[in-house]
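*Asks:* make a model of this:
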Amino acid sequence: MVLGNINSLREYLNLLADDIFAKKFLLAISGGVDSMVLAYLFTQSNLSFEIAHVNYHFRGEDSNLDQKLVEDFCKNHNIKIHIKDISEEEKSEMKSLQNWARDIRYQFFFDILEKEKLDFIVTAHHLNDELETFFINLSRGSGIKGLSGIPKNENKIIRPLLDFSKKEIYDFAKEHHIEFREDQSNLKSDYLRNRVRNNLAPNILEIFPNFLTSFQESLSHLNKVNQFYQNQIDTSFEDVFISGDEQEFILDKEKLLQKDKVLAIEIIRKLGFSGIEIEKVLHAENGKFFRSNSFEVHIKRKELLCVKK
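*Replies:* Here you go, the predicted structure:
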C-alpha cells in the first residue's frame, strides 16, 4: 500500500475484509498524528465510517484539547462521533494503567460496534509500534505468535498503517497539513513501552539505519511460519477434541500426550495457561482441577473437561 494513495488503501482494505464498500468502519481516533492521518485517509476513501474517542482526563486541559481537535475534525467532515469520558469512579478500578486503559477503550469500541451495527474497528498502529511490541514480547519470553507481529486483521480489528513508519506518517501529515496533537506523556519513560520507544529503538536505528526495512521482512517470514504453526495447532486440537461446544468441551488426554510436546503445550496454552501450569495440566492425576483466566479444567481419568469462565 502507498500511504496517501486512496486506491491503494481500498485495495489493501479489500485484502483484509471482503466488499469494503458494503462495510461500516469505526475509527479509533486519539488526536495524535497516527490516528489523524488515518482519519484523513478515510475521508478521502468514500467508505462508510464513524469515529470514537476516549478522554481519560489524565492530562488535564491537554486531554480536553485532544477531544476538541477530534470533535472539530468530525464536525468539519460531517462524521458521526462517539465520545467516552472516563469518570473518577472508573479510574478508581484501575490497577495496571496501560492494561486498564486498553481494556476500557476496546470495550467502548466493541459496544459501539454492536449498538451501531458496524463491522470493523480500525486503529492507527504502525511499523514502529510493531518494533516496540516485538522487543517487549521478546523480553517476556514470548513464543513465535508474540514475535510475528501485530495482526493486521483479527477479532474485527483492522490496522491498515502497519507497513508505515512513524517518520512516513509524520511526513505525510506535514505534506497534507493535517492537524494533530502531541501527547507529551509519551516522552516520559515511566512505562516499559515508552522506555523501548525512547531509549532502545533510537539506539538500534542509529546503529542499523535500515533496520526497519529488514525488520519488516523478518516479520513477514515469521508471520508465515506462525500461520503454518497455528494451522498445525488447530489440526491437533481437532484431533484430540471429543465433544462439546465453545462453552464446554472434552479433550482426549491420552491422544494429547501422544502429540509432539510442542503441540500439546500449545493446545493447553489455548486454554489460558502458561509456564509451569501447562506441565501441571498435562501430567495431572485424575480428580485434579485447574483454573486459568479463561477456562476451568477438570481431569476426568483419560479426559480433560474444559469449561469456559
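
*Asks:* alpha carbons only for contacts and neighbour counts from here, please
*Replies:* Will do.

*Asks:* what stretches of the protein score poorly on pLDDT?
*Replies:* Scanning the chain for pLDDT under 70 picks out 1-7, 94-95, 187.

*Asks:* mind doing that once more with 80?
*Replies:* Along the chain, the parts satisfying pLDDT under 80 run over 1-12, 15-18, 88-97, 142, 184-191.

*Asks:* now do the strands in it.
*Replies:* Secondary structure of the chain by DSSP state E: the strands cover 24-28, 48-55, 81-85, 120-122, 153-154, 157-158, 241-244, 248-252, 289-291, 295-300, 303-308.

*Asks:* which strands and helices sit next to the last one?
*Replies:* Looking back up the chat, that one is strand 303-308. strand 248-252, helix 253-258, strand 295-300 (3 or more Cα pairs under 8 Å, 6 or more residues apart in numbering; DSSP states H and E).

*Asks:* switch the cut-off to 10 Å
*Replies:* Under the contact criterion of 3 or more Cα pairs under 10 Å, 6 or more residues apart in numbering; DSSP states H and E, strand 303-308 touches strand 241-244, strand 248-252, helix 253-258, strand 289-291, strand 295-300.

*Asks:* next: the first one.
*Replies:* Under the contact criterion of 3+ Cα pairs under 10 Å, 6+ apart, the helices and strands touching strand 24-28 comprise helix 33-43, strand 48-55, strand 81-85, helix 97-116, strand 120-122, strand 157-158.

*Asks:* repeat that with 7 Å
*Replies:* The helices and strands touching strand 24-28, judged by 3 or more Cα pairs under 7 Å, 6 or more residues apart in numbering; DSSP states H and E, are strand 48-55, strand 120-122.

*Asks:* could these go into CSV alongside mean neighbour count?
*Replies:* Converted to CSV, these look like this (neighbours: other Cα atoms under 10 Å):
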stretch, mean neighbour count
strand 48-55, 21
strand 120-122, 24
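
*Asks:* just the C-alphas of stretch 82-96, formatted as PDB.
*Replies:* C-alpha atoms of stretch 82-96 as PDB (Å, rounded to 0.1, in the frame of the first residue of the first chain):
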ATOM      1  CA  HIS A  82     -18.800   8.700  19.900                       C
ATOM      2  CA  ILE A  83     -17.100  10.200  23.000                       C
ATOM      3  CA  LYS A  84     -16.300   8.300  26.200                       C
ATOM      4  CA  ASP A  85     -15.500  10.400  29.200                       C
ATOM      5  CA  ILE A  86     -13.700   8.400  31.900                       C
ATOM      6  CA  SER A  87     -15.100   9.200  35.300                       C
ATOM      7  CA  GLU A  88     -13.200   9.300  38.600                       C
ATOM      8  CA  GLU A  89     -15.200   6.200  39.700                       C
ATOM      9  CA  GLU A  90     -14.000   4.300  36.700                       C
ATOM     10  CA  LYS A  91     -10.400   5.400  37.500                       C
ATOM     11  CA  SER A  92     -10.700   4.000  41.000                       C
ATOM     12  CA  GLU A  93     -11.000   0.500  39.500                       C
ATOM     13  CA  MET A  94      -7.600   0.900  37.800                       C
ATOM     14  CA  LYS A  95      -4.800  -1.400  38.700                       C
ATOM     15  CA  SER A  96      -2.300  -1.600  35.800                       C
END
